[in-house]
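Trainee: Fold the following for me, if possible:
(2 chains)
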Amino acid sequence: AQSVAQPEDQVNVAEGNPLTVKCTYSVSGNPYLFWYVQYPNRGLQFLLKYITGDNLVKGSYGFEAEFNKSQTSFHLKKPSALVSDSALYFCAVRDPTGGGNKLTFGTGTQLKVEL
Amino acid sequence: DTEVTQTPKHLVMGMTNKKSLKCEQHMGHRAMYWYKQKAKKPPELMFVYSYEKLSINESVPSRFSPECPNSSLLNLHLHALQPEDSALYLCASSQAWGWGSSGANVLTFGAGSRLTVL
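Mentor: The predicted structure is shown next:
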């Protein structure tokens, strides 16, 4: 069965510093990986996805993620964090069974960016 | 229009009430989803409609009844809920349910309906 793990419940970073939110995956077959962000009292917003191709994926709001097959990781990164990046971040993997668009989400990582 | 609109934003109901949550999108998406999310937890898939037909029911109790009247609307009818059903209910849509193209799999979520069952 496919799964994603987000090992950190919370990540704290100072504004202007680089940030990394970690995600590792376990899938049979090709991994289709996603990052979504959730601001307080809002739904999830799509940030970026990896389907195939370049291992470095660029997404919304200056975020990027690096797909690493050997380490089965898909860490989210941003070179310079903003206070407004503070939110709950979910990594997700597509469930290949059933042929559809079902996602398995990680447990989420709360990012707190401080002045 | 690139939004998914959910109403109401907040709903408080008793265990004997009947209420409905509504979701609307005008992006031409043919797949629509209901998710349940508890605080600080990942969303859990409840139902998926593809081309207005129920494709996925994740063993959700019958006190939750989905309905897809047309390609733009999705309802979730609630009856005889329990306090543990209190949660944020998220609607989402995507271009398609099937894995046909690289762009067909991104979910667009609504802001959610926060349900409290007393």
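Trainee: is the spatially most central residue of chain B in a bridge, and if so with what?
Mentor: In chain B, the residue lying closest to the centroid (CA atoms, centre = their mean) is B:Trp34, at 2.4 Å. Per DSSP bridges, the residues bridged to B:Trp34 are B:Phe47, B:Cys91.
Trainee: Model confidence at it, what's the number?
Mentor: B:Trp34 carries a pLDDT value of 98.
Trainee: residue contacts, the residue nearest to A:Leu115 when sequence neighbours are not counted?
Mentor: With sequence-adjacent residues excluded and distances taken as CB to CB, 6 or more residues apart in numbering or on different chains, A:Leu115 is closest to A:Glu15, at 5.5 Å. For every residue, glycine as well, the C-beta is placed using N, CA and C. By CB atoms under 8 Å, 6 or more residues apart in numbering or on different chains, the contact list for A:Glu15 reads A:81-83, A:113-115.
Trainee: For chain B, state which of those residues is nearest.
Mentor: A:Val113 (17.8 Å; CB to the nearest CB).
Trainee: Run a quick neighbour tally on the closest one.
Mentor: By other CB atoms under 10 Å in any protein chain shown, 20 other residues sit near A:Val113.
Trainee: can you check B:Thr2 too?
Mentor: 7.
Trainee: same check, this time on B:Lys53
Mentor: A total of 9 residues lie near B:Lys53 under the criterion other CB under 10 Å.
Trainee: where's the closest residue to it other than its chain neighbours relative to chain A, distance?
Mentor: Using CB to CB, 6+ apart and skipping the chain neighbours, the partner closest in space to B:Lys53 is B:Cys68 (7.7 Å). In this view, B:Cys68 and chain A are 16 Å apart by CB to the nearest CB, to the nearest Å.
Trainee: Please apply the same query to B:Asp85.
Mentor: Distance, B:Asp85 to chain A, by CB to the nearest CB: 19 Å.
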